[in-house]
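J.: Quick one: sequence plus predicted model below, questions after.
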Amino acid sequence: MPLAIAVVGYGVAGATAALLLADQGHAVTLFEQAPKVESVGAGVMLQPSGQWVLGQLGLLGAATRRAEPLERILALTHRRARLVELCYQDLAPGCHAYGLHRGDLFTVLAEAVAALPITVLLGCRVACLREGGASLLTDGGGGRH
């Protein structure tokens, strides 16, 4: 049974959640307090679990087009002691992470959101959520959703 679902925040996580929910047939409204969204940010690591989600959405190839595969992670303390060492091949053959720019990932997600019947409300800060017989979301301008 399709539901009317509000997703608050149009970042990587919010866009991904909206896509997954819309793909399941739900009526999704995506609320973002910023007046516009842009593909900004620094580098991120796309782990195997994130790759699986993007694969389910059919977006993995587009998201990793300009990415670099990472075979291993090594983190050292300020004293050069080993803090974390992860060799992805030890997890599964062919397993790796990707290093990519957050903006590239967001652009792929935003294009996918625009292609689906997802309502996007920019400049709309969520002020209150009330639950009762039906949930009611109120935005910063007094609008009720």
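T.: Sure, I can see it. Residues are numbered from 1 along each chain as shown.

J.: Give me the helices and strands touching the helix or strand where Gly14 lies, please.
T.: According to DSSP states H and E, Gly14 maps onto helix 12-23. Using 3 or more Cβ pairs under 8 Å, 6 or more residues apart in numbering; DSSP states H and E as the contact test, the elements touching helix 12-23 are strand 4-8, strand 27-32, helix 48-56, helix 102-114. Bear in mind the C-beta positions are built from the backbone N, C-alpha and C, glycine included.

J.: mind listing what's buried in the shortest one?
T.: Spelled out, that is strand 4-8. Buried residues in strand 4-8, counting neighbours by 16 or more other Cβ atoms under 10 Å, are found at 5-8.

J.: hang on, the earlier thing: alpha carbons of the helix holding Gly14, as PDB, please.
T.: As requested, the backbone C-alpha atoms of helix 12-23 are provided in PDB (Å, rounded to 0.1, in the frame of the first residue of the first chain):
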ATOM      1  CA  VAL A  12      23.200  12.300  -0.200                       C
ATOM      2  CA  ALA A  13      21.300  10.300   2.400                       C
ATOM      3  CA  GLY A  14      18.000  12.200   1.900                       C
ATOM      4  CA  ALA A  15      18.100  11.900  -1.900                       C
ATOM      5  CA  THR A  16      19.000   8.200  -1.700                       C
ATOM      6  CA  ALA A  17      16.100   7.500   0.800                       C
ATOM      7  CA  ALA A  18      13.700   9.500  -1.500                       C
ATOM      8  CA  LEU A  19      14.800   7.400  -4.500                       C
ATOM      9  CA  LEU A  20      14.400   4.100  -2.700                       C
ATOM     10  CA  LEU A  21      11.000   5.000  -1.400                       C
ATOM     11  CA  ALA A  22       9.700   6.400  -4.700                       C
ATOM     12  CA  ASP A  23      11.000   3.200  -6.400                       C
END
